[in-house]
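Asker: Generate coordinates for the sequence data below:
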Amino acid sequence: MKKIAVAALSCTALMSAALPTLVQADEHKLDMTFRTHFGQVDRDFAPSSEEMSQALRLDYTSPYYNDVIGVDGSLYAIFKLHSDGNTAGIPLLDENGEGFTKIGQANIKLKLNDDSELRIGRMRIVSPLMTDTDGRSEPSTRQAVKATTSLGGVNLYAIYSDKVSTSGVDTFENYTAGGDGVAIIGGRYRFGNGLGIHLSHGQLKDAKQQTFINANYSMPVGDTKLSFDAYHYMAQDIGDKSNLADDTGADGKLDTSLSNLAVSLNSGDLTYTVSYQTVGDDLYEPSWDGFANDKSVLWTWNSVQILDFYNANEDSLQFRVDYEPSSVPGLSFMARYTEGDTKANGFEDKEFDLEAQYTIQSGAAKGLNLKLRYADVEIAGPGKLQDIRLIAQYKMNIF
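Answerer: Okay, the predicted model is just below:
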């Protein structure tokens, strides 16, 4: 298969030649986002880290010319405000503790019909088996082809990605030495009774295949709302395993699963959640390349600020409280405690998280979001760490 970048450049050239004869259907859109991010990690088993960055993000969305074709793109510029020289485990800056600039997104979009679209190029992917998170200075992005459509209320998608650029890195890297890509198909559907289903399957040649199943349902109980959220992941090695980066255990084979069930009760401004997760005989890694470049995360409730509780034979239990005072719009608090026990050796992982955020509702700073995230973690074996993140973000529309 030819490189996705070549296809994207070819489409760009064709579009550039054709634009003068096309009719503009909608308006161009350009958003500018400012994000100031301070991160500090104190470890008792390794050097501590401290960084502060100023990120400027430009997101451009074009109309569909002739109701068929358009171009979207994003530019990320990261400026160094502070670095102690040790960038391990944050990262807000690059590997040298410096700022950088990159074109994170640049893709051609083709409108196939009112319910179908095809994108080719650099883009951010958010799906259960490939997730570009946005919790650092800038989000990770992929070089990919993505198709979406809706049939009878079922939202379907297909993804093929051959490169990824993680946060803090200004280049796009292959998943494997041979340039093999990850192929994913999936779909979502919500029944009339409120039951939601999400299925997805993906594979990487001579590495592994992953399957994702999610079911969620909410029901009123008097003046409260009771919600159920169930997840199940499965992973198996495929082919000659020459591209497999996962820990396969003593038998040299990857064959594992991860299941998570969360039950939530919402009463007024408060939501209480209990979540249980269990892992099979092998470590469950959501990344396709062993986290070398792909930093995909689990979608489960027990995948928290630092830990994912996905060790082999690990059971974990979480208690969580969310508070959104109706008397103060824009303000929210969250506290959770997650503890995991590994049956094989009796090791325990523990994480306590606090989060507070407020979005200013009026005045000159309307829309400014302020967030505090704190984690106190005990990792079986290595030891303890504390993680603090302070984030201020403001988004404005240029046109």
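Asker: Can you check my assumption that residue 337 lies in a strand?
Answerer: Yes. With DSSP: H, G, I helix; E, B strand; the rest coil as the criterion, residue 337 is part of a strand.
Asker: I figured it hits residue 321, correct?
Answerer: No. Residue 337 lies out of contact with residue 321 (C-beta atoms under 8 Å); the separation is 9.7 Å. In short, each C-beta sits where N, CA and C put it, glycine included.
Asker: could you measure the residue nearest the centre of the chain against residue 168, distance?
Answerer: Centroid-nearest residue in the chain: residue 133, 3.0 Å away (criterion: C-alpha atoms, centre = their mean). Here residue 133 is placed at a distance of 12 Å from residue 168 (C-beta to C-beta, to the nearest Å).
Asker: cool, and residue 148?
Answerer: In terms of C-beta to C-beta, residue 148 sits 29 Å off from residue 168.
Asker: Which one's more surrounded, the two?
Answerer: residue 168 (22 against 16; other C-beta atoms under 10 Å).
Asker: nearest spatial neighbour of that one, skipping sequence neighbours?
Answerer: residue 91 (3.6 Å; C-beta to C-beta, 6 or more residues apart in numbering).
Asker: Pretty sure the one you found sits against residue 140.
Answerer: No. Taking contacts as C-beta under 8 Å, residue 91 lies outside contact range of residue 140: 11.3 Å.
Asker: Run through the residues that contact residue 312.
Answerer: Listed by C-beta atoms under 8 Å, 6 or more residues apart in numbering, the contact set of residue 312 reads 247, 249, 256, 279-283, 342, 344.
Asker: do the same with residue 243
Answerer: Counting by C-beta under 8 Å, 6+ apart, residue 243 has contacts 175-178, 180, 204-207.
Asker: Filter these down to the buried ones, PyMOL style.
Answerer: The PyMOL selection below is limited to those of those classed as buried (16 or more other C-beta atoms under 10 Å):
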select buried, resi 175+176+180+204+205+206+207
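Asker: would JSON lines of the contacts of residue 243 with pLDDT be doable?
Answerer: Below are the contacts of residue 243 laid out as JSON lines (pLDDT from 0 to 100):
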{"residue": "175", "pLDDT": "98"}
{"residue": "176", "pLDDT": "97"}
{"residue": "177", "pLDDT": "95"}
{"residue": "178", "pLDDT": "95"}
{"residue": "180", "pLDDT": "98"}
{"residue": "204", "pLDDT": "98"}
{"residue": "205", "pLDDT": "98"}
{"residue": "206", "pLDDT": "98"}
{"residue": "207", "pLDDT": "98"}
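Asker: From the contacts of residue 243, pick the one nearest residue 156.
Answerer: The shortest approach to residue 156 among these belongs to residue 204, at 20.9 Å (C-beta to C-beta).
Asker: Pairing partners for that closest one in the sheet, please.
Answerer: Beta-bridge pairing for residue 204 (DSSP bridges): residue 182, residue 208.
Asker: Number of residues surrounding residue 250?
Answerer: 7.
Asker: Looks to me like it is in a helix.
Answerer: No. Residue 250 is assigned coil when assessed by three-state DSSP, not a helix.
Asker: how much space between the nearest residue to residue 387 once chain neighbours are set aside and residue 358?
Answerer: Spatial nearest neighbour of residue 387, chain neighbours left out: residue 375 (4.3 Å); criterion: C-beta to C-beta, 6+ apart. Distance of residue 375 to residue 358, computed by C-beta to C-beta: 20 Å.
Asker: For the residue nearest to residue 168, grab the count of nearby residues.
Answerer: 20.
Asker: ok, now which ones touch it?
Answerer: So residue 91 contacts 51, 136, 167-168 (C-beta under 8 Å, 6+ apart).
Asker: circling back to that earlier point, what pLDDT does the residue nearest to the centre of the chain get?
Answerer: Reading off the per-residue confidence, residue 133 sits at a pLDDT of 95.
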